[in-house]
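Novice: Sequence plus the predicted model coming up.
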Amino acid sequence: MAKTDRDVQYRQIITKAICGRGRKFSQATHAIRPPDNISNILGAWIINHSYEAHRVGEVVEVMGNYDINIWYATKGNTKTDVAKETVRYVDQVPLNFYDRNLREDTISVNAVATQSPNCIEATIASSEDSVLVRVEREFLVEVTGETKICVACYPHDYEDLEDKEYGPSSLEADVQDFDDLDPDLVIDDLD
């Protein structure tokens, strides 16, 4: 029996698929030193977040930065000002799932900040010369690349079928059934 006469044939298909996925939640505390002595913290927020991701072995490194703005009162709560500092970070996101069966030269990494950096607490340090800002963030990462999948083919199961059974004429019969519908019929009229 020749290979092509078997009942089942297997073929490999090259496709792009998600071959790795991971998620990481992290918290960090940053010490910001405003130029003046602080009487009170009036607010803290984070803006201008940007990041990029690269795979390093079985980990995805997310490198980014953001600006921390602290609105504070000084000189006995008689003046206010805003202190701004740019913070850089590197988060290593472990891959919970990673399939090594992919072509290395086709890998792409996608990272999404499921929780953008957010200030959850800002307090004056005990030395009173800095503000401690606690920030939390979360990333979801996916590694995509070309991989092979194996599919079973059953060529002999369809030899008896004629091409006309799958042509446009079989679809036209279904469409003609809709011509008999009454467009003025309202569902509420049936109740």
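Specialist: Everything's here; your move.

Novice: When you work out contacts or count neighbours from here on, use the C-alpha atoms and nothing else.
Specialist: OK.

Novice: Beta-bridge partners for the spatially most central residue of the chain, please?
Specialist: In the chain, the residue lying closest to the centroid (CA atoms, centre = their mean) is residue 112, at 3.7 Å. Under DSSP bridges, the beta-bridge partners of residue 112 are residue 140.

Novice: Likewise for residue 59?
Specialist: residue 56, residue 94.

Novice: Surely residue 45 and residue 82 touch.
Specialist: No. Look at residue 45 against residue 82 with CA atoms under 8 Å: they stay out of range, at 10.6 Å.

Novice: which neighbours do those two share?
Specialist: 69-70 (CA atoms under 8 Å, 6 or more residues apart in numbering).

Novice: what's the helix or strand for the closest residue to residue 142 other than its chain neighbours?
Specialist: Excluding the flanking residues, the one nearest residue 142 by CA to CA, 6 or more residues apart in numbering is residue 21, at 4.5 Å. With secondary structure defined by DSSP states H and E, residue 21 is part of strand 9-32.

Novice: packing partners for that strand?
Specialist: Applying 3 or more CA pairs under 8 Å, 6 or more residues apart in numbering; DSSP states H and E, one finds that strand 9-32 contacts strand 79-94, strand 97-98, strand 131-153.

Novice: Specify the stretch among those that is closest to residue 50.
Specialist: strand 79-94 (9.8 Å; CA to CA).

Novice: Tell me the buried residues in the closest one?
Specialist: Of all the residues in strand 79-94, those buried under the rule 16 or more other CA atoms under 10 Å are 82-85, 91-94.

Novice: residue contacts, the closest residue to residue 73 other than its chain neighbours?
Specialist: Distances taken as CA to CA, 6+ apart put residue 80 closest to residue 73, at 4.3 Å, once the chain neighbours are dropped. Applying CA under 8 Å, 6+ apart to residue 80 gives the contacts 71-74.

Novice: So residue 33 versus residue 93, what's the distance?
Specialist: Noted for residue 33: a distance of 30 Å to residue 93, by CA to CA, to the nearest Å.

Novice: What's opposite the nearest residue to residue 82 once chain neighbours are set aside in the beta bridge?
Specialist: Among residues not flanking residue 82 along the chain, residue 71 sits closest, at 4.4 Å (CA to CA, 6+ apart). When assigned by DSSP bridges, residue 71 has beta-bridge partners residue 43, residue 82.

Novice: so where's the protein uncertain?
Specialist: Low-confidence segments of the chain (pLDDT under 70): 1-6, 155-191.
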